[in-house]
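1. Fold the following.
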Amino acid sequence: MTGSVDDADESGAVVPPTGRALYFTGPRSISVERESVSAPGPDEVLVETRLSAVSSGTELLIYRGEMPRDLPADTTIDALDGDLSYPLKYGYATVGDVVALGANVDEAWRGRRVFAFNPHESHFVAAPADLVPVPDDVSTATAALLPTAETATTFVMDGRPRVGERVVVFGAGMVGLVTTRVLSSFPLERLTVVEPVAHRREMATTLGADETLRPAEAARIGDRGGPPGADLAYELSGSPATLDDAIDAVGYDGRIVVGSWYGRKRAETDLGGFFHRNRIDVSSSQVSTLAPDLRGRWTKERRLDVAWDRLRELSTDRLVTHRIGLGNAAEAYRLLDDGPENALQVLLTFE
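-> Numbers count the residues shown, from 1 in each chain. From the prediction side, this is the model:
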């Protein structure tokens, strides 16, 4: 149903005739379009967006045209239908308010602040079951980082750090930093973060890293300790070439969890040396699903509860470096594309 100024839910709440939505229209091309706003169906609500968080990993792949275009956008998120070809609505970290209800929806939803895995747009309809109420003690900006905390929680669950282990995180972007924070709660022998950007290394220290190294210094990790090398490494840099550094960092029987999504980026990886001799285990981790052997005890809802708890421990004011209006969204992506030293977390605002 297409909305108009005359549309209203049962209480008379007016549905605006148009809203705004962000489209990726081609490599390094962004467009913000006016669109009709749909009135909620009987079992739906209408959400007006306050903020949405930009992913500097997945969304930069799409912005740069480095995503595999025939891949489904995300089969686990109803709001992300179709594939990854242009033009494309994308994004999955939106916080807003329920402003109108369908006839069959409980009145308690009206005015509720909610999180949604939804693209960057000012208004959208959704089933209440697809929304996550934001706890009263969590700010709107912090709630927009829920997918980051959920992803970090997943990485740590999949890596399964053990007491006394030496763990290395390659990459201190948002996901790497929040993963560092979660790992810092474990009784490790040493937590090391490898990152080229100085202020990101400083942030990693603030969030619990025992030491930070520049990439050129990472070679020392494989020679330290007895037995030598790290026990567990996370490759979260987004650069496939960093896999070689992770292989060199872990010792015999070491584990590497690859959380980066490389899209169509390729790099030669040296599997003929330490990888072969040291029986190194390399595995992928991705937040859309739970690891098969965890599903007996864990659900996505339980994992999300853990992610909220981890978010409450973060000083998100220091992680959010930019707030940019949706109308200037192209500036946000240019900023991130120009280099990791320019920004950490960018939020889009919808005033």
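2. now the end-to-end length of stretch 50-58.
-> Stretch 50-58 has an end-to-end distance of 22 Å (Cα to Cα, to the nearest Å).
3. where does this structure have its least confident helix or strand?
-> helix 274-277 (a mean of 86; mean pLDDT, DSSP states H and E).
4. That helix: how far from the chain's middle?
-> When C-alpha coordinates are averaged (Cα atoms, centre = their mean, to the nearest Å), helix 274-277 and its chain have centres 32 Å apart.
5. ok, now stretch 323-341?
-> Worked out by Cα atoms, centre = their mean, stretch 323-341 lies 17 Å from the chain centre.
6. Give me the three-state assignment for the residue nearest the centre of the chain.
-> Nearest to the mean C-alpha position of the chain, by Cα atoms, centre = their mean, lies T148 at 3.8 Å. Classification of T148 by DSSP: H, G, I helix; E, B strand; the rest coil places it in helix.
7. where exactly do the helices run in the stretch 151-300 of the chain?
-> If DSSP state H, counting those that start in this stretch is used as the criterion, the helices of the stretch 151-300 of the chain fall at 174-183, 198-206, 242-249, 274-277, 300-312.
8. Out of those, which is the most enclosed?
-> helix 174-183 (a mean of 27; mean count of other Cβ atoms under 10 Å). Every residue, glycine included, has its C-beta placed from N, CA and C.
9. Can you add distance to P133 and give the helices of the stretch 151-300 of the chain back as a markdown table?
-> Putting the helices of the stretch 151-300 of the chain into a markdown table (distance: least, Cβ to Cβ, whole Å) gives the following:
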| stretch | distance to P133 |
| --- | --- |
| helix 174-183 | 22 |
| helix 198-206 | 30 |
| helix 242-249 | 38 |
| helix 274-277 | 45 |
| helix 300-312 | 11 |
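10. Which one, of those helices, ends up nearest to A143?
-> Among those, helix 300-312 comes nearest to A143, with 7.6 Å by Cβ to Cβ.
11. what are the ranges of the strands in the stretch 51-200 of the chain?
-> Remark: strands assigned in the stretch 51-200 of the chain by DSSP state E, counting those that start in this stretch are 94-101, 113-116, 123-126, 131-133, 166-170, 190-194.
12. among the helices of the stretch 151-300 of the chain, which is nearest V99?
-> Closest to V99 of the helices of the stretch 151-300 of the chain, according to Cβ to Cβ: helix 300-312, at 23.7 Å.
13. ok, back up a step: which of the strands of the stretch 51-200 of the chain sits most buried?
-> Of all those, strand 166-170 carries the top mean neighbour count, a mean of 28, counting by mean count of other Cβ under 10 Å.
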